[in-house]
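Participant: give me a model of this one.
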Amino acid sequence: MLQSYVLEAHRNHDVDSLAQRHLGRKTLTLEDVCGKGVGRIEFTRWRGTSRPVCGRGGRGHACTAPGAVAAHRRHEALRFVYVDLELAISKVLFEMERTGVLIDRDALARQSAELGHRIVELEAQAHSLAGQPFNLGSPKQIGEILFGKLKLPVVKKTASGAPSTDEEVLEKLALDYPLPKALLEHRGLAKLKSTYCDKLPASINPATGRVHTSYGQAVAVTGAFRRANRICRTSRSGPWRAAHSRSLYCAAGSRILSADYSQVELRIMAHISGDEGLLAAFTAGEDIHRATASEVFGVPLGEVSAEQRRYAKVINFGLIYGMSAFGLASNLGIDRETAKNFIDRYFTRYPGVARYMERTRIQAKQHGYVETVFGRRLWLAEINSPNGPRRQAAERAAINAPMQALRPI
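Facilitator: Residues are numbered from 1 along each chain as shown. Next comes the predicted model:
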């Protein structure tokens, strides 16, 4: 599975898929052996039936031959990713899954009660601001209140043409209006309570008091892994932030260490692009957003305003995610020509970034993938697509994926 994941991260890596893809063989499935519907039997009862059960495990074993590793030996970078990264991390993940995380049930119950109390307060506040009761969980009713009754500006519309009430819209409206702000906090806390405070107890092992998360190692094309039973989520709104969530997992004599990296994507961009301006700013310990604002707006570092720094922050992060002039204009609330001028000035000041982006696009189109500094291949199925939007999305992914693949777990 891991060999396949390293070679072709964008494909499926189960034995059945590998056998079909590489050997042209269809393996027996559990349904082939046990049947389906009312005629289904337990796998342990196959003896004495006429079902073709011979080799369910054997065929899987026969399809997993050691010859596939030769591909890694022919490509030293991929072999490094397989042996030194994937195999090594699989052992760590095994220990994490087996050990699990100890949950403080009492603390969880207290937080659930606190969240419930705050949610009721927010509902009352929202009803007062709206001048009438409504269902805070109904996008349709929220839209009727915000855009029908209160006449708030429509930020964007859904595919059906109705005003959107998604999180991005509420965040923009919350800058100027109190009701969207209350709705945002209510939405965040309601999800936190229902998903974690209320559902998490069902995942706790009654014998150990621990949650045993499973990690999907061969899932994300960037090399990151995904986990079931996400027990580390925190709310972005209200007082229930990381410190409160961590308190659920701290037992006597134990500690949880949480580390954050300052502007890690931009540091990775500085490294892989080799841009002298970015490297100099980080080496000097400067505020990178203030430094970018100084360059883009042509003002001394000490005279950069808070608004200019905010613009620079959106530009810094937006461009490494492939944001266009249209996207930047929408994000900052400015016209497209002004946004284009910002982007042009940015690339004039940081030419190494522009060269990296162009080099990455060319490599992706030629090979169908881009590589990280470790040699991991990130495949882009739509990079040469005749469909413009799909091709552009693949180009943005080509620029961003090498940085996402290097982000700390």
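Participant: once you drop chain neighbours, what's closest to residue 153?
Facilitator: In space, residue 153 comes closest to residue 173 once its chain neighbours are excluded; the distance is 7.6 Å by Cβ to Cβ, 6 or more residues apart in numbering. Quick note: C-beta positions are derived from backbone N, CA and C, even for glycine.
Participant: hang on, that neighbour packs against residue 147?
Facilitator: No - contact criterion Cβ atoms under 8 Å: residue 173 and residue 147 do not qualify, at 9.9 Å.
Participant: okay, these two: which has more neighbours?
Facilitator: More crowded of residue 173 and residue 147, by other Cβ atoms under 10 Å: residue 173, with 23 against 18.
Participant: okay, the more buried one: pLDDT?
Facilitator: In the predicted model, residue 173 carries a pLDDT score of 92.
Participant: contacts only, for it.
Facilitator: Contact analysis of residue 173 by Cβ atoms under 8 Å, 6 or more residues apart in numbering lists 146, 152, 153, 155, 180.
Participant: any chance of a markdown table for those residues, columns pLDDT?
Facilitator: Below are the contacts of residue 173 laid out as a markdown table (pLDDT from 0 to 100):
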| residue | pLDDT |
| --- | --- |
| 146 | 95 |
| 152 | 94 |
| 153 | 92 |
| 155 | 88 |
| 180 | 94 |
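Participant: show me these that map onto helices.
Facilitator: Among the contacts of residue 173, DSSP state H puts residue 180 in helices.
Participant: show me the chain divided up by domain.
Facilitator: As assigned by automatic domain parsing, the chain contains the domains 2-75, 100-258, 264-404.
Participant: first to last residue in the shortest one, what's the distance?
Facilitator: Which is domain 2-75. Distance between the boundary residues of domain 2-75 (Cα to Cα, to the nearest Å) amounts to 15 Å.
Participant: can you map out the strands along this protein?
Facilitator: 101-102, 210-211, 215-216, 226-227, 369-371, 377-379 (DSSP state E).
Participant: mind checking which of the ones you listed is nearest residue 141?
Facilitator: Smallest distance to residue 141 across the strands of the chain (Cβ to Cβ): 33.6 Å, for strand 226-227.
Participant: quick check: mean pLDDT of that closest one?
Facilitator: pLDDT averaged over strand 226-227 gives 67.
Participant: repeat that for stretch 276-286.
Facilitator: 91.
Participant: go through it and flag the buried ones.
Facilitator: 277, 278, 281, 282 (16 or more other Cβ atoms under 10 Å).
Participant: gap between the closest residue in space to the second one that isn't next to it in sequence and residue 405?
Facilitator: Among residues not flanking residue 278 along the chain, residue 270 sits closest, at 3.8 Å (Cβ to Cβ, 6+ apart). Applying Cβ to Cβ, to the nearest Å, the value for residue 270 to residue 405 is 16 Å.
Participant: cool, residue 271 as well?
Facilitator: 13 Å.
Participant: out of these two, which sits in the more crowded spot?
Facilitator: Neighbours per residue (other Cβ under 10 Å) separate residue 271 from residue 405, with residue 405 holding more: 22 against 15.
Participant: who's in contact with that one?
Facilitator: Here residue 405 is in contact with 222, 223, 224, 372, 376, 378 (Cβ under 8 Å, 6+ apart).
Participant: which of those residues count as buried?
Facilitator: Using 16+ other Cβ under 10 Å as the burial test, these include 222, 223, 372, 376, 378 as buried.
Participant: hmm, back to that, report the two of the contacts of residue 173 separated the most.
Facilitator: Checked with Cβ to Cβ, those reach their widest spread between 153 and 180, with 11.0 Å between them.
Participant: the more surrounded of the two?
Facilitator: Using other Cβ under 10 Å as the criterion, residue 153 and residue 180 rank with residue 180 on top: 24 against 12.
Participant: the more buried one against residue 166, yeah?
Facilitator: No - with contacts counted by Cβ under 8 Å, residue 180 stays clear of residue 166, the gap being 11.3 Å.
Participant: residue 381 reaches residue 9, doesn't it?
Facilitator: No - with contact defined as Cβ under 8 Å, residue 381 does not count as touching residue 9 (11.3 Å).
Participant: so the residue nearest to residue 112 when sequence neighbours are not counted versus residue 263, what's the distance?
Facilitator: Counting by Cβ to Cβ, 6+ apart, residue 197 is the residue found nearest to residue 112 once chain neighbours are left out, at 3.7 Å. Shown here: residue 197 relative to residue 263, a distance of 32 Å by Cβ to Cβ.
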